[in-house]
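Participant: here are the coordinates; sequence isn't available:
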């Protein structure tokens, strides 16, 4: 059995605080985050190989996530 990555929430919550239980929805969330993590890992490694500061790149990645638009506002 696969172990849950530490960055993946144990329980996904809806905006009203109720757990999201649909297996298909949970699978899509995990797949999307796995793909995003792989892309972020590649970007971090590329930046370091090209001589950029690792901590600066980590901050850039965190800032990028912080600037995502709220969907369906």
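Facilitator: Looks like it arrived, so ask away. None of these values were measured; they are calculated from a predicted model.
Participant: Moving along the chain from the longest helix anywhere in the chain, name the first helix or strand you hit.
Facilitator: Ordering each helix of the chain by length in residues (DSSP state H) puts helix 23-49 first. Under the assignment DSSP states H and E, the closest C-terminal helix or strand after helix 23-49 is helix 54-66.
Participant: Now do the buried residues in that following helix.
Facilitator: Of all the residues in helix 54-66, those buried under the rule 16 or more other CB atoms under 10 Å are 57, 61. Backbone N, C-alpha and C define where each C-beta goes, glycine included.
Participant: Now it: average pLDDT?
Facilitator: In this model, helix 54-66 has a mean pLDDT of 97.
Participant: I'd like to know which elements that helix is packed against.
Facilitator: Using 3 or more CB pairs under 8 Å, 6 or more residues apart in numbering; DSSP states H and E, the elements in contact with helix 54-66 are helix 23-49.
Participant: List the buried residues for the helix it packs on?
Facilitator: By 16+ other CB under 10 Å, the buried positions in helix 23-49 come out as 40, 44, 47.
Participant: That helix packs against which elements?
Facilitator: Going by 3+ CB pairs under 8 Å, 6+ apart, helix 23-49 lies up against helix 54-66.
Participant: remind me which residues of the protein are low pLDDT?
Facilitator: Within the chain, the stretches with pLDDT under 70 are 1-2, 73.
Participant: in this protein, what residue sits furthest out from the centroid?
Facilitator: Distance from the C-alpha centroid of the chain peaks at residue 51, with 24.5 Å (CA atoms, centre = their mean).
Participant: Quick check, central residue of this structure?
Facilitator: residue 33 (4.6 Å).
Participant: That residue and residue 8 touch, don't they?
Facilitator: Yes: with contacts counted by CB atoms under 8 Å, residue 33 reaches residue 8, the gap being 6.6 Å.
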